[in-house]
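Student: Fold the following for me, if possible:
(2 chains)
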Amino acid sequence: MLDINLFRNQPDTVRASLKARRFAEPQAVDRVLELDSQRRSLLTEAEKLKAERNAASKAISQIKDAAEKQAKIAEQKGLGEKIAALDEQVRQVEADLEALLSGIPNVLDARVPDGEDDAQNVVIKTVGEPKQFPFEPKPHWDLGTSLGIINFEQGVKLTGSRFYVLHGAGARLQRALIAFMLDLHTRRQGYSEAYTPFIVKGETVYGAGQLPKFKDNLYRDAEEDLYMVPTAEVPLTCIHRDEIVDAASLPFRYSAYTPCFRREKVAAGRDVRGIKRGHQFDKVEMYSFTLPEESDNELERMREDAEQTCAELGLTYRVKQLCSGDVGFCARMTYDIEVWAPGQNEWLEVSSVSNCGDFQARRANVRFRRSREAGAKPEFLHTLNGSGLGLPRTMIAIMENYQQADGSIVVPEPLRLWMGGIDVIR
RNA sequence: GGAGGGAUGGCUGAGUGGUCGAAAGCGGCGGUCUUGAAAACCGUUGUGGGGCCUUGCCUCACCGGGGGUUCGAAUCCCUCUCCCUCCGCCA
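Tutor: Below you'll find the predicted structure:
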């Protein structure tokens, strides 16, 4: 959610950002201003009548003479209905304004390069070289099925397409990755480990900016009106909802493992093979709450933390800065990290690190106070999120990069602690 | 699932349908005192919206959420949510 004052004071900033994003309804800015001015004139009118009513009520309470009192009360009859009618109009305008505002994306950071879509994202660095093999490297779906560690048929049997079952060393490899990442984030990178509910209320999803806009991508339990989390970012954003925290206690840094559930209504034939794009996948997430002036640095820090994860796993990766047409709804600026998958012969997005500024904090109402002195006003803090790597794609990269000519897979050194003596999956 | 009890400011906790945005205490902040600190004392201390002769003042709303009764609601009614106690069931 953007600050209404931004529309009042700098409408051109918002217009320019929407244009750069290729936002479908750029006229939304004018509609916001129109509703805002309607709201204010209705409020002025309603409040004038309320002040009148309050004064009259106060006067009535002072009147001793019964007849005089009754006369004054009779005089006031009907005022309530006028007020109620105006209040109803205010409610309507506010609901319209809210609906409109909640669908307008965050204003981009000035440093975001202009571009139409993901084809114009800018590679800012590449670390390592795509690995060369003395044999033809296989895609992970071949490796996984022949080793018996990924079973696609069973996933379809249990649930449907885009689900799978991991077995034996495959399931264990994923568990090792989760443990490795959580330990890295919490013991060496300064995050605090969190375990959150995987099913949350609509207002929690709204706070993180996924509702109302991305309703179609969410799994929902109609009976209880609850949503399955599409990412840990959703519960983590709302951990401090409606709180005012001390500036001195910031930043808050969290790392959480959760499964993620997404309908992923993408084109039917896209990414169907393998475990690249499922309706359920696991992820370890990093999340920070910072002072406004510190979020730019925090974004770089989190990007480095995600890079470190790739580097320690010995994966070749590259960092992209997303162009204006591809930055997500809540974000001001985003880096994607992609790892090289030699079997599929493509770069896989394993992490996306974003600075959301105060956009989510405003929705979730998370604030801080700069000092404890009386009169110090609460301000919205900034939120950032980053994948500490999506697990299926990290699995793909490990399987394809560490494969050997005989179809076996070497377990990367940092994961062996959790592999129960398995150094090579065969 | 059944039966009761509750939800008030950062916290504890009063509150008769009418100067109640709300007593009191604690805490926070500022000050006096002190070499300094503590204690004591004094003052101050919620959030959001709107207006203006815009750093101060006026005004509206907010006592778990929503709705209603009334000239007027923290207070009365309905409803939802959450919490507590007891019984039952249960991984």
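Student: tell me the secondary structure for the closest residue to RNA strand B within the stretch 1-150 of chain A?
Tutor: Per CB to the nearest atom of the strand, the residue of the stretch 1-150 of chain A with the smallest distance to RNA strand B is residue A:61, at 3.1 Å. Bear in mind the C-beta positions are built from the backbone N, C-alpha and C, glycine included. Classification of residue A:61 into helix, strand or coil gives helix, according to DSSP: H, G, I helix; E, B strand; the rest coil.
Student: next one: residue A:137
Tutor: Each residue gets one of three states, and residue A:137 gets coil by three-state DSSP.
Student: One more: residue A:335?
Tutor: Under the three-state scheme (three-state DSSP), the conformation of residue A:335 reads as strand.
Student: Please apply the same query to residue A:123.
Tutor: The three-state label given to residue A:123 by three-state DSSP is strand.
Student: and it, bridged to which residues?
Tutor: Using DSSP bridges, the bridge partners assigned to residue A:123 are residue A:320.
Student: any idea how far it lies from residue A:131?
Tutor: Distance from residue A:123 to residue A:131, counting by CB to CB, to the nearest Å: 18 Å.
Student: more neighbours, these two?
Tutor: Looking at residue A:123 and residue A:131 with other CB atoms under 10 Å, you find the greater number of neighbours at residue A:131, namely 15 against 12.
Student: measure the more buried one to residue A:61 for me?
Tutor: With the distance defined as CB to CB, residue A:131 ends up 84 Å from residue A:61.
Student: repeat for residue A:176
Tutor: When distance is defined by CB to CB, residue A:176 is 73 Å away from residue A:61.
Student: Over to residue A:126?
Tutor: Residue A:126 is 77 Å from residue A:61, where distance means CB to CB.
Student: the more surrounded of these two?
Tutor: Just comparing residue A:126 and residue A:61: by other CB under 10 Å the higher neighbour count belongs to residue A:126, 15 against 8.
Student: so what's that one closest to, chain neighbours aside?
Tutor: Spatially, and ignoring its direct neighbours in sequence, residue A:126 is nearest to residue A:318 (4.1 Å; CB to CB, 6 or more residues apart in numbering).
Student: Can you verify the one you found is assigned to a strand?
Tutor: Yes - residue assignment for residue A:318, taken from three-state DSSP, places it within a strand.
Student: Can you report how many residues lie near it?
Tutor: Other residues within reach of residue A:318 by the criterion other CB under 10 Å amount to 17.
Student: do the same with the one 10 residues further on
Tutor: Here the number of neighbours of residue A:328 (other CB under 10 Å) works out to 16.
Student: Please verify my assumption that residue A:347 contacts residue A:338.
Tutor: Yes - look at residue A:347 against residue A:338 with CB atoms under 8 Å: they come within range, at 3.9 Å.
Student: Now do the shared contacts for these two.
Tutor: Both residue A:347 and residue A:338 are contacted by residue A:318, under the criterion CB atoms under 8 Å, 6 or more residues apart in numbering.
Student: the more surrounded of those two?
Tutor: residue A:338 (23 against 20).
Student: Just to check, that one is in contact with residue A:316?
Tutor: No - if you go by CB under 8 Å, residue A:338 and residue A:316 don't touch, sitting 9.5 Å apart.
Student: anything in stretch A:199-208 near RNA strand B?
Tutor: No - judged by CB under 7 Å from any atom of the strand, stretch A:199-208 stays clear of RNA strand B, getting no closer than 9.3 Å.
Student: then that stretch to PDB, C-alphas only?
Tutor: Listed next in PDB are the C-alpha coordinates belonging to stretch A:199-208 (Å, rounded to 0.1, in the frame of the first residue of the first chain):
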ATOM      1  CA  ILE A 199      -2.100 -21.800   7.100                       C
ATOM      2  CA  VAL A 200      -3.000 -18.200   7.800                       C
ATOM      3  CA  LYS A 201      -5.900 -15.700   7.700                       C
ATOM      4  CA  GLY A 202      -6.800 -13.600   4.800                       C
ATOM      5  CA  GLU A 203      -5.600 -10.400   6.600                       C
ATOM      6  CA  THR A 204      -2.200 -12.000   7.000                       C
ATOM      7  CA  VAL A 205      -2.000 -12.600   3.300                       C
ATOM      8  CA  TYR A 206      -3.200  -9.100   2.600                       C
ATOM      9  CA  GLY A 207      -0.600  -7.600   4.900                       C
ATOM     10  CA  ALA A 208       2.100  -9.200   2.800                       C
END
